[in-house]
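# structure for this input, please:
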Amino acid sequence: MSAPLHPEHSVERLCDAGVAVYERALLEGRVRVQEAEGTPCLLDFGLLQRAVEDSRWLEPIAPALALRRLLRGSEERIVDERRREERLVEMFQPLMQIDEGHTAEAVTPTLRVISGKERINRAITAVMADASRESLTIQPRMALTGAPLEAAYALARARDQKLLDRGGRIRTLYQHTLRHIPIIVAHHERLHGDIEARALDEVTNRLIVIDRSVAFIPADAEGTLALEIRHPAIVGYMATTFDRLWRLATPVFPEAAPQPPHDGITPRQHAIAALLVEGHTDAVIADRLGMNIRTARVHIAKLAATLGSQSRAQLGFLIGRSGILDQER
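Residues are numbered from 1 along each chain as shown. Here you go, the predicted structure:
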């Protein structure tokens, strides 16, 4: 039966078995070859060597000597790396001089992390100041009251209006629960120009795409970090995603489109039914649809009553059998 493979490791992470055999060799002056068969690392790293007088034994190399040898090897590798760096600099220096001034656009990073809400707002405002075509925004659930929110909307309204005045357009996609919030309604009513808003039951996290050339997305859950993205392929992908969500959404501004119930099932209950069938809890459903858990449970109870369900398990079965998820919304 063959011996198990010895795991690979570096000398500074000597395996426990190797340490034990090496310590015994130091204490006793030698160990049998058979005792070190499971620790080939000791020979590889030069910690043991064959005894001159009797090849059946292995003798330890003094730790101080072994350490000097290993350090000398590290120093030689460092010298080699420094020589390699010098050769690379010598090779690329004339090429960089030729290239100077020809690829200035490469200096602009395609991905930048912005820290702090004030810096994020300044970055968005700076990009909006140069925009001339459009601003696409996805706005998920958020805090709905307070001075910071009002200040944020005032800042956004000022930069949005400047874009509209330059002939640009603004498209905003909200989570459905936000469509009648007074501050949002007032924001749109105070702007003048080509502006529209639509709503979906579920949207992605916040997204801003400006002129289909720059995008901003959150980089943390608290909203204190953001990514500024200028990579054409990534920004194009985000803009296309927005366009597809936009076509699925319900208009809410300038004129809200009514959403009539189908067979006694309201659009809100239809969205809840889809999540129930997927097996989500009440808390997850409420979070996904931007409502509190009590409201979600009221809708679930009404849905159960409409379908004649007596239990949660039966409700999922009845939803599937009713065919309501196959209806066009």
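
# give me the pLDDT for the residue minimising distance to the centre of the chain.
Compute the mean C-alpha point of the chain, and by Cα atoms, centre = their mean the closest residue is residue 219, 6.9 Å away. In this model, residue 219 is scored at 91, pLDDT.

# identify the residue nearest it in space, chain neighbours excluded?
Spatially, and ignoring its direct neighbours in sequence, residue 219 is nearest to residue 225 (3.8 Å; Cβ to Cβ, 6 or more residues apart in numbering). Every residue, glycine included, has its C-beta placed from N, CA and C.

# where in the stretch 51-200 of the chain is pLDDT low?
99-108, 141-149, 178-180 (pLDDT under 70).

# tell me the helices in it, going along the chain?
Using DSSP state H, counting those that start in this stretch, the helices found in the stretch 51-200 of the chain span residues 63-99, 117-130, 147-165, 182-189.

# ok, which of those helices comes nearest residue 28?
Nearest to residue 28, of all the helices of the stretch 51-200 of the chain, is helix 63-99, at 15.1 Å by Cβ to Cβ.

# could you list the buried residues of the closest one?
Buried residues in helix 63-99, counted by 16 or more other Cβ atoms under 10 Å: residue 66.

# how is this structure carved up into domains?
Listed by automatic domain parsing, the domain ranges of the chain are 11-61, 111-253, 267-326.

# please convert these to JSON lines, extending it with distance to residue 72.
Formatted as JSON lines, the domains of the chain follow (distance: least, Cβ to Cβ, whole Å):
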{"stretch": "domain 11-61", "distance to residue 72": "11"}
{"stretch": "domain 111-253", "distance to residue 72": "42"}
{"stretch": "domain 267-326", "distance to residue 72": "61"}
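
# which of those sits closest to residue 73?
Per Cβ to Cβ, nearest to residue 73 of the domains of the chain: domain 11-61, 9.4 Å.

# may I have the distance across that closest one, first residue to last?
Start-to-end span of domain 11-61 (Cα to Cα, to the nearest Å) is 14 Å.
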